[in-house]
Structures are given as structure tokens and as C-alpha cells.
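1. Sequence first, predicted coordinates after that:
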Amino acid sequence: MDDDQKKPNENNPLEGDRLEELRHLLFGNERERLDHLQERLEDPTKHATDISQVLPEAIVIGTRRDSKLATALMPTVEEIVRASVKKDIRTFVDALFPVIGPAIRKSISETFKQMIQSLNTALDQSLSWQGLKWRLESIRTGRPFAEVVLLNSLVYRVEQVFLIHRETGLLLQHVKVESEAFQDADLVSSMLTAIEDFVRDSFQMERHQSLETIQMGDVTLWIDQGPSAVLAGAIRGNAPEELRSIFHNTLENIHLEKSELLSSFEGDTAPFESIRHHLEGCLQAGYREKKRKFSPVFILLTVVVAAAVIIWGTLTVQNRLQWKAVFQELAATQGIVITAVEKKKGHYHVRGLRDPLAVDPIKFAADAGMNLEKVTFHFEPYQAMIHDFTLKRAESLLHPPRGVTLALDDHTLVAKGEAPYSWILESQKLANAVPGVFRLDTSRLKNSDLIGLDPPKSVSLNLDGDTLTATGSAGHQWIFDTRQKVKGIAGVKQYDDTALKDLDAEAFSSLITALENEVILFEFNTADHISAQAETINRILKRIVLLADLGQVLGKNPVVTVAGHTDSSGSKKRNLELSQQRANQVRSWLVAGGLEPKMIEAVGMGATNPVREGDREADQLWNRSATLTVSIKPIK
């Protein structure tokens, strides 16, 4: 394609116009919109206007969605506040004045309430006559006690209030009490402004610092500074701190109502006549109430109430002392231990320990004449180690039979009297279960079962456990009978009488020894006894009789053998015959004396078994004799 074909409008203008017209027909409206949009984007003023229309809604949506927007704006806002404070701090303070004032007053109010509460607490604890009068006044008037104290302690009156324009020092409004005479208010306003300027210049004070109080005599001038106006009040007396709150509220309300007029003030005070009621609200006063004389009815009523209170207090104290005395006496009773006494709503709760053998506390209080509906006893059981109680428990547990008495000797229970052996054994087991008893002493207790054995005085019976031991000496019959009787005594399993001497057995042995030591002498070469031997024969007879009797007791059969002897002078045969004759002679004498013949035997020994060895005449004399030998043979 050549150049003519590429640009037909250059060679043919009519064709270019047609093309332009066609373009306008097809894209005319869109082109106008695009041009208008490009113009708005290139013009900063229009672009800012468009953004301002959607910016508030965009900020709201962004804040609701997340905290990114607040995080992004925080450094900018901090920088703006910092720049504003550096530029002019008073502008920032003036802007916050309506907000900071109520916040500060609220904080001061809470602090002041706490101070009043502390004062109220201190006065509650006071017993002074003035405090009692104030409390009676609070009851009578219905006012809070703290308020009555403040009214009686603080007396003041706000006599005049001035509202002064801060920049010009001109008086905007002035109110005073009707009875108070005063000079020109404008002059006072000018002088106050001059004094503040003088103080600031003389002491090189900052611009934001201001005069707050001026005092002369009993008159105090309170000055409250605002952004555009100053409120000054002349006060006579001692004003309470809450009056400053009234001044602050008044000044804030004036700034809220007249902020534009205060900022554009050029000397016209007429528009400020409408705020006069705010200033009149600052004319506060506090007065002491006049003392009133009490009526006779009130005095009589006071006396009656006081008498009733005294009587009630006396009865209460008396009742309390009575209960205290009862509790002390109860605590001193054996087996009672009081650990705590509590009084709740007029009711006593007594706690402690009580031995079951001790006195019943309810009965104790009733016997003392006390009202049992006002006391409850809570006693835990325990066992007191008291002598009388321990002895009673021992008697209750052991049940001593009649004739037995129990006594307590330093934790040793002593039993006296007579008791069966079964009870003695049982008591020895149970005595250890008695609290306060360490051991049972039965040494002074006679065993009635053993008493039935009727031991002789020479016999001692000792019971150790289940073994009965007999010591001493007794007749064979008693020993035999006792061995039989012991078998029927309960608790006795063994009987030991090995240490008991049998008198009959000893006598039996002694008789045998005595008879075997007897010698009957005969004449030479005859069977006749020497006349002096008659007494010996009689003694032998008696001993053999006693031996026979003891043999019956002992269950033994004694046999006496009479042995005849001769000296060695004769022949063996003669000696044997003579010795037999001598033995027979003695046997006949004994049988004639009453002995049974079977009990006596006679044997001739001749000279083979001499009584004495030797050839002397004395030895031969003893060999011409008869001797006795006792042997025990079985009873048929």
C-alpha cells in the first residue's frame, strides 16, 4: 500500500471530515466523560472535594474492620497535639477546660467523701460531751452525723461575687447580698486586675499562673480563673472546700453559654445580664443553729430512756456475771474441762470435755437457777484420772463380791477381804483395763477357796498363777486331804507340796530311829534282863504302839524284829540258843503289853553280830543284850 492509500484525508479533506463525524457519532458521549474524568483527576481541588465526601464513611468502615487505621493515624495525632502544645499551651488548656473541670471535681469529691467518712469514724469513737450532743442532734434533725459536725464547725457567708473579663480586666457582672454596702464594683475589678499584674510582674510569674486567694482579717477573696473570664468571691468567715466546686461549676456554665461573647468582647456588658442568676447561686452562707431549750417532756423522756438503759445494762451485766460464776464453778468441778465459752445473739455455747462420772452440766445450771434456754453445752466424753472416778470405774468393772473392799493407792488398786479364786484371777485380767490403775495388789486378799483347806498355823499357802504352793509342816492326814481338795478349786491346775514337811512321816521315821537305837541289857548267861531295864522296856512299848498308829495313818505296816545277842565267852551253840531266848523274852514282854504278835518277830544272832566290838568288860556287857530293827512290809 502506498502513502496515498495510507492517508486519504491529507489528499481528500472531505473524506477526513466524514471520518471525524463518524467518530463523533460513535464515541461522542464516552469521549466527553473521559475528558471530564481527566479534568477532575488533574485538578487537585476537585479531587480533594471528591475524597472529602467519602472519607468519613471510609474512616468508620476501616475502624470497625480492624485497628490498622487507628495505628496509622496515631503518630500524626500525637504530632499535632505536641505541636499545638508547643505553639500555645493556653489554647490547648482552654479547649480542655469544660472537660477537665468536672473530672477534677469528681476526684476531689471522692477524696472529700473519704475524709468525711474518716472524720465520722473518729467521732463515732469519741465519747466527748460535744460528740454526744452532735449525735443527739443528728438523731433529732434526721441529718447525717458528718453534716451536723460540719454545720457546727464551719460558719461563713459569701457577700459579693465578681465576673471579670480576663483579657481586658473589665467587670462583666456583679452580685452581692442585699444587706451588704459596697463601693464601686468596677473599681474593685480594676484593682483586682492591677494586683494580679503587680504580683506577676514583681515575682516574675508565668502567664498561665494566677492569683487564687487574697485574705485580710476575716474576709477572704477567692479567685477562680477561666480561659476568658475570672470569677472572684468575697467571703467572710471560714468557707468549706465544696464552695470552690460551686465557683468552678458557675464559671464553666458561663463559658459554655457565653463562650463566643467572651472571645469577641469589646466592652459591651449588656449581653451578660442573663448570667446573673449563675452568680447569685454563689451567694452561699452557713450559720450555726441557735441553741434551743429542751421542753420538760423531752427532759422527762430522756430521763426515762436513760433509766431504762441503766436498768437494762445493770440486768445484763448482772446476768453475765451470774453466768460467768456458774461457768467458773462448773469448770472447777471434777471431771469437767471447759475449753471455750461463746455468746451468739444472747445465747451461750459452752464447749469442753466431760467425764461420764462427772456432774451433769444441765442439772448443775438448773440447780444454780439459770435459764437453760440461753445455754447449750457441747461436751466431748473423756476419762479423768481422778482418784474417786478411777475407784468407781474399778468397782463398776470388777464387781467385787461381798466381803471385798477396793482402795486406790497411787495408781495401785488394793483388794482386801476374802474372795473366790476365780474372781481373783478375773480381776487380775480386768484391772489393767481400768484407766488410772497401773497394777492390782491382791497380797492382802484372802482366797476363800484356800481358807476352806483349813491349813494349820505351820503351813503357808501361796497362789502364783494357777500353781498353789504349800510350805511349812503339817500332819500326814491334812496333807493327804489337801491334795484331794485342791483338785476341786477353780483356777488351780498344779499343787506343789514338795517343800511341805509331813510331821507324821517325820515322827514315824524318828520313832524307827529311836527304836533301832534302843538296847535291852541282860544278866550274864541268862535271859533275865537287868532290873534297871524295866523303864527301857516300857518306853519301847509306847514307841512301838505310836509307830503302829502312825503306820495306819501313813498307810504303812511296820514290823519290829527283836535281835538277841551274846558275848563271846560261851560256845557258838550256847550263844545262839541264849540269844534266841533273850529275843523271845523281849517279844513276849511286848505282846503282853498289847502289841499284836504278828507285828513282833524274834531272831537270835548269837555272838556273830556284836553290838560293840572289843574284849573289854564294858563291850561284853553291851553284847549281852537285845536290839530292835523296824522294817516296812506291804499291807495285805
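-> Received it, and whenever you're ready, just let me know what you need. Numbering: from 1, shown residues only.
2. rest of the way, CA atoms for contacts and neighbours
-> Noted.
3. Need the residues that contact stretch 460-467.
-> 425, 450, 468-472, 491-496 (CA atoms under 8 Å, 6 or more residues apart in numbering).
4. Stretch 512-522 now?
-> For stretch 512-522, using CA under 8 Å, 6+ apart, the contacting residues are 528-530, 533, 536-537, 540, 543-544, 547, 582, 621-622, 624-630.
5. From the residues you listed, list the buried ones, please.
-> Neighbour-count burial within the contacts of stretch 512-522 applies to 529, 537, 540, 543-544, 547, 582, 621-622, 624-630; the criterion is 16 or more other CA atoms under 10 Å.
6. Restricted to helices, list those.
-> With helices identified by DSSP state H, the entries of the buried ones among the contacts of stretch 512-522 that belong to them are I537, I540, R543, I544, L547, R582, L621, W622.
7. can I assume Q215 is in contact with G233?
-> No - contact between Q215 and G233 fails when scored by CA atoms under 8 Å: they sit 11.4 Å apart.
8. so what sits against both of those two?
-> Between them, Q215 and G233 share these contacting residues under CA under 8 Å, 6+ apart: L221.
9. So between these two, which is more surrounded?
-> G233 (25 against 12; other CA atoms under 10 Å).
10. which residues sit in contact with the more buried one?
-> When the contact criterion is CA under 8 Å, 6+ apart, the partners of G233 are V158, E159, Q160, V161, F162, L221, W222, I223.
11. In terms of helices and strands, where is it?
-> Assigned by DSSP states H and E, G233 belongs to strand 229-237.
12. Show me how far that strand is from its chain's centre.
-> 65 Å (CA atoms, centre = their mean, to the nearest Å).
13. Please report the distance of V305 from Y495.
-> 93 Å (CA to CA, to the nearest Å).
14. More neighbours: which of these two?
-> Neighbours per residue (other CA under 10 Å) separate V305 from Y495, with Y495 holding more: 16 against 12.
15. Report the secondary structure element holding the more buried one.
-> strand 494-496.
16. ok, back up a step: just flag the most distant two among the ones in helices among the buried ones among the contacts of stretch 512-522.
-> Greatest spatial distance among those (CA to CA): L547 and L621, at 28.7 Å.
17. ok so, going back, among the contacts of G233, which one lies nearest to V77?
-> Ranked by distance to V77 (CA to CA), these are led by I223 at 34.9 Å.
18. Could you confirm that closest one falls within a strand?
-> Yes - counting by DSSP: H, G, I helix; E, B strand; the rest coil, one finds I223 located in a strand.
19. Tell me if I'm right that it and V230 touch.
-> Yes - assessed by CA under 8 Å, I223 is found in contact with V230 at 7.0 Å.
20. what's the domain layout of the protein?
-> Here the domain assignment for the chain is 21-87, 98-286, 310-381, 387-498, 503-633, based on automatic domain parsing.
21. so of these, which one's packed in deepest?
-> For the domains of the chain, the stretch with the most neighbours on average is domain 503-633, a mean of 18; neighbours defined as mean count of other CA atoms under 10 Å.
22. Which stretches in the stretch 301-450 of the chain count as helices?
-> When assigned using DSSP state H, counting those that start in this stretch, the helices of the stretch 301-450 of the chain occupy the ranges 361-367, 387-398, 421-430, 448-451.
23. what's the model's confidence in the shortest one, averaged?
-> For helix 448-451, mean pLDDT rounds to 64.
24. and of the ones in helices among the buried ones among the contacts of stretch 512-522, the nearest to V309?
-> For those, the residue nearest V309 by CA to CA is L547; the value is 110.5 Å.
25. Hmm, that closest one is touching L511, no?
-> Yes - proximity of L547 to L511 meets the contact threshold set by CA under 8 Å, at 6.4 Å.
26. beta partners of H529?
-> F522 (DSSP bridges).
27. Assumed E30 was part of a helix.
-> Yes - secondary structure assignment (three-state DSSP) places E30 inside a helix.
28. so which of the ones in helices among the buried ones among the contacts of stretch 512-522 comes closest to A505?
-> For those, the closest approach to A505 (CA to CA) belongs to L547, at 10.3 Å.
29. what pLDDT does the closest one get?
-> Looking at L547, its pLDDT is 87.
30. go on, V630?
-> Listed pLDDT for V630 reads 91.
31. what stretches of the stretch 151-300 of the chain score poorly on pLDDT?
-> 151-154, 179-191, 197-210, 287-295 (pLDDT under 70).
32. the helices in it, which residues?
-> Listed from the start of the chain, the stretch 151-300 of the chain has helices (DSSP H, counting those that start in this stretch) covering 185-202, 242-263, 276-280, 296-331.
33. among those, which is nearest V359?
-> Judging these by CA to CA, what sits closest to V359 is helix 296-331, at 8.9 Å.
34. Pull the distance from the closest one to the chain's centre.
-> 34 Å.
35. again with stretch 335-344
-> Relative to its chain's centre, stretch 335-344 lies at 13 Å (CA atoms, centre = their mean).
36. Please list the outside residues in contact with that stretch.
-> Residues outside stretch 335-344 that contact it (CA under 8 Å, 6+ apart) are 330-331, 348-359, 383-384, 386.
37. Just the residues you listed: which are in strands?
-> Secondary structure defined by DSSP state E assigns Y348, H349, V350, R351, G352, L353, R354 of these to strands.
38. In a markdown table, list the residues you listed along with pLDDT and distance to P400.
-> As requested, the ones in strands among the contacts of stretch 335-344 are arranged in a markdown table below (pLDDT from 0 to 100; distance: CA to CA, whole Å):
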| residue | pLDDT | distance to P400 |
| --- | --- | --- |
| Y348 | 85 | 43 |
| H349 | 86 | 41 |
| V350 | 88 | 38 |
| R351 | 88 | 36 |
| G352 | 88 | 33 |
| L353 | 90 | 30 |
| R354 | 87 | 27 |
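39. quick one on the thing from earlier: between the helices of the stretch 301-450 of the chain, which gets the lowest average pLDDT?
-> When mean pLDDT is averaged over each of these, helix 448-451 scores lowest at a mean of 64.
40. which is the next helix or strand following that one?
-> Next along the chain after helix 448-451, taking DSSP H and E as the criterion, comes strand 459-464.
41. circling back to that earlier point, okay if I get the domains of the chain as TSV plus distance to V297?
-> TSV is the format used below for those (distance: least, CA to CA, whole Å):
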stretch	distance to V297
domain 21-87	70
domain 98-286	14
domain 310-381	20
domain 387-498	65
domain 503-633	116
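42. For F298, which of those is the nearest?
-> Comparing the domains of the chain under CA to CA, the one sitting nearest is domain 98-286, at 11.2 Å.
43. Pretty sure E395 sits against A407.
-> No - in this structure, E395 is not within contact of A407 by CA under 8 Å, at 9.7 Å.
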